[in-house]
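> Here is a sequence together with a model predicted from it:
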Amino acid sequence: MKYINANEILPDSLIQELQKYVQAGYIYIPAKDQQHKSWGELTGYRKELEKRNQAIKTKYRKGCSVESLAEHYNLSLSAIKKIIYAY
């Protein structure tokens, strides 16, 4: 998450009101429900993991062992098994 200086985006009157509650701190402002993004959606990391997991499943079906997949992807045996056996 990237932090934005309030002085850059908010009017002075709103900043003064916020300073009544917090000064020199961080405030998380959640997105509206309809604008909320799923984990990894903004960065693309979720798609990267899906692509990696599909490659793991494909290699397993072609005969790669769980142990070799774990070593290649630097994951535990149980993590590889969860990926392989997930529906």
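In hand now; what should we look at?

> Show me what the helix-or-strand element of the chain with minimal mean pLDDT is packed up against.
Here the helix or strand of the chain ranked lowest by mean pLDDT, DSSP states H and E is helix 6-9, holding a mean of 91. For helix 6-9, the helices and strands in contact under the criterion 3 or more Cβ pairs under 8 Å, 6 or more residues apart in numbering; DSSP states H and E are helix 12-19. Using the backbone N, CA and C atoms, a C-beta is placed for each residue, glycine as well.

> Check the offset of whichever helix or strand comes after the helix it packs on from the chain's centre.
Using DSSP states H and E, the helix or strand that follows helix 12-19 in sequence is helix 45-61. Remark: helix 45-61 is offset 16 Å from the chain centroid, using Cα atoms, centre = their mean, to the nearest Å.

> any idea of the angle the next helix or strand after helix 45-61 forms with helix 45-61?
Next in sequence after helix 45-61, counting helices and strands by DSSP H and E, comes helix 66-73. Helix 66-73 and helix 45-61 are oriented at 140 degrees to each other (axes from the mean of the first three to the mean of the last three Cα atoms, to 10 degrees).

> tell me which strands and helices helix 66-73 is in contact with?
helix 45-61, helix 77-85.

> would you turn the ones you listed into CSV with distance to residue 4 and mean pLDDT?
Shown next, in CSV, are the helices and strands packed on helix 66-73 (distance: least, Cβ to Cβ, whole Å; pLDDT from 0 to 100):
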stretch, distance to residue 4, mean pLDDT
helix 45-61, 21, 94
helix 77-85, 35, 96
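
> Redo the ones you listed as CSV? Include distance to residue 23.
Formatted as CSV, those follow (distance: least, Cβ to Cβ, whole Å):
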stretch, distance to residue 23
helix 45-61, 34
helix 77-85, 43
